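Undergrad: Show me the folded form of this:
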Amino acid sequence: MTTPDPDPDRTPALDEHGTLPAGETPPAEGGISGISHPEPVEVRKAWGAWPAFLIILMALAASAMLIGMMVALA
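TA: Model (predicted):
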């Protein structure tokens, strides 16, 4: 198994400076037109206004109850 970043001192075809000499580079890749399978549509659902409204309403109700309890104890 080879490592993704091989040691330049032991890589074949490199010169003493660690670069490839002219003519040693592989040919360019062949072109591909498009992809083989269509990608699925990205499903993104954000919270609507109703869940946010209900959470805020419940937080206000809990705050009102706590303030009411503090006033009743005082």
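Undergrad: only C-alpha atoms for contact and neighbour calcs from this point on.
TA: Fine.
Undergrad: name the element Ala59 belongs to?
TA: helix 49-73 (DSSP states H and E).
Undergrad: Name the residues that touch that helix?
TA: Residues outside helix 49-73 that contact it (CA atoms under 8 Å, 6 or more residues apart in numbering): none.
Undergrad: Can we start the residue count at 266 from this point?
TA: Done: numbering now begins at 266, and the last item shifts to helix 314-338.
Undergrad: Mind checking the pLDDT average for that helix?
TA: The predicted model assigns helix 314-338 a mean pLDDT of 95.
Undergrad: And for stretch 287-296?
TA: On average, stretch 287-296 scores 61.
Undergrad: Sort out which residues of the helix holding Ala324 are buried, please.
TA: Going by neighbour count (16 or more other CA atoms under 10 Å), nothing in helix 314-338 comes out as buried.
Undergrad: Just give me the neighbour total for Leu285.
TA: 14 (other CA atoms under 10 Å).
Undergrad: if I look at it, how far off is Ile332?
TA: Distance, Leu285 to Ile332, using CA to CA, to the nearest Å: 76 Å.
Undergrad: And for His302?
TA: 60 Å.
Undergrad: and if you look at Phe318?
TA: Distance, Phe318 to Ile332, using CA to CA: 21 Å.
Undergrad: Then Ser301?
TA: Ser301 is 62 Å from Ile332, by CA to CA.
Undergrad: Could I get the phi/psi values of Ala311?
TA: The phi and psi values for Ala311, taken as degrees, to the nearest 10, are phi -100, psi 160.
Undergrad: On the pLDDT front, check it for me.
TA: Ala311 is given a pLDDT of 75.
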